[in-house]
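Chemist: No letters, just coordinates:
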């Protein structure tokens, strides 16, 4: 029995990056031998075991063969005769197909170290094209390592293009797709993920609503970058630079989908795109079964982001409606995330990345003023039921009028 550290742990050590997860491959062992040593089996698809003390995953060396469509369409074969090289060749990228023993002796049959030095994301074998999930994974690695200068090798991009054209991407489950998308959006340069998907034709298959934004112009006075798709990438980039959470990044990606529906005759204006985009945001949310908090924020940002930008001009009654829509009294964090998304939208414009966004503090102040209205005095006056609700609303409107006057004084 021989045990090797494989994949990301080897790659990141060679890159000088922190190693978090460690995967192990066991060569020359049987399931019975692993169980005898106290390892606990997990999963039913192939022999993976948890170490009795560390809890880390140890997998028996295995080969795989394509047997159906999609990510799950594989038959695995694990036996003591499977070599380390046979196990490594089934992996996606050369930089993920290296192994090392307990003395840090490197096994690198597919030249992963060379590709690390050349900053290339290159597939290990033609079998890469058998797994559609790898299109998303490579795009995610491109987003992760873009700052180090990594790019996708042309021949790998071509295989990704073939996969995108094959119909295999449609076989991916919502859960698997979302897992890769959400991880990619949380990388340091999530806009690169979208760029790579677009470059290989996968974006128009997975998110045609986002793909449709490229080439759609906006008024240059407000958007010096003009192209709506380019703007969306810039907003996503700003969200990452400002360490925004996944909810905000997802909302940033989808906020302008309505502009893709504007008839060409109306370009570069996009009247009511906030409302026309809602049906598209709903479709994308449902396609990937995004978590509820991501879905809700994306819809709210899509509908109200122009309100955020015009906050200083809004009438107190409109401000109150905005606050009510977000339920700022019980869900203050959601409104804070809305403000963040609006600010990223404003900063995601060519040459305006550093411009201040006074609307943010103004909106926070408005929320604070509305929340400051005390309910107890109204109860003491005998208000209850629907009448109480109307009385609270009147007092909040009064508070917002006073706030607006003091802010503009």
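Modeler: Arrived safely. The shown structure was predicted, so the numbers you read here are calculated from the model rather than taken from an experiment.

Chemist: could you pull out the helices for the stretch 151-300 of the chain?
Modeler: For the stretch 151-300 of the chain, the helices defined by DSSP state H, counting those that start in this stretch occupy 154-166, 174-185, 190-199, 203-206, 208-211, 228-241, 246-254, 273-287, 292-309.

Chemist: which residues touch the fourth one?
Modeler: In other words, helix 203-206. For helix 203-206, contacts defined as C-beta atoms under 8 Å, 6 or more residues apart in numbering pick out 136, 164, 169-170, 177, 194, 197-198, 210-211. For every residue, glycine as well, the C-beta is placed using N, CA and C.

Chemist: With the first one instead?
Modeler: Where contact means C-beta under 8 Å, 6+ apart, the residues beyond helix 154-166 that reach it are 93, 121-123, 126, 128-129, 132, 134-135, 138, 152, 169, 196, 199-202, 205.

Chemist: For the contacts of helix 203-206, which two are the farthest from each other?
Modeler: Maximum pairwise distance among the contacts of helix 203-206 (C-beta to C-beta): 19.1 Å, between 170 and 194.

Chemist: before we move on, back to that, possible to save the contacts of helix 203-206 as TSV with distance to residue 79 and neighbour count?
Modeler: Output for these, formatted as TSV (distance: C-beta to C-beta, whole Å; neighbours: other C-beta atoms under 10 Å):
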residue	distance to residue 79	neighbour count
136	30	25
164	35	21
169	32	21
170	34	11
177	32	20
194	41	25
197	37	28
198	42	18
210	44	24
211	44	19
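
Chemist: wait, which of those residues is closest to residue 383?
Modeler: Closest approach between these and residue 383, by C-beta to C-beta: residue 210, at 47.8 Å.

Chemist: Could you count how many residues lie near the nearest residue in space to the closest one that is not next to it in sequence?
Modeler: Excluding its sequence neighbours, the residue lying closest to residue 210 (C-beta to C-beta, 6 or more residues apart in numbering) is residue 203, at 6.2 Å. Applying other C-beta atoms under 10 Å, we find 23 residues neighbouring residue 203.

Chemist: same deal with the one 3 residues further on?
Modeler: With neighbours defined by other C-beta under 10 Å, the count for residue 206 comes to 22.

Chemist: Sort out which residues of stretch 192-205 are buried, please.
Modeler: 192-203, 205 (16 or more other C-beta atoms under 10 Å).

Chemist: Between all of those residues, which two are at the greatest distance?
Modeler: Using C-beta to C-beta, those span at most 18.4 Å, a distance reached by 192 and 205.

Chemist: from the middle of its chain, how far away would stretch 183-202 be?
Modeler: From the chain centre to the centre of stretch 183-202 is a distance of 9 Å (C-alpha atoms, centre = their mean, to the nearest Å).

Chemist: From start to finish, how long is it in a straight line?
Modeler: 17 Å (C-alpha to C-alpha, to the nearest Å).

Chemist: Can you tell me how far residue 205 is from residue 92?
Modeler: 19 Å (C-beta to C-beta, to the nearest Å).

Chemist: likewise residue 366?
Modeler: Residue 366 is 49 Å from residue 92, by C-beta to C-beta.
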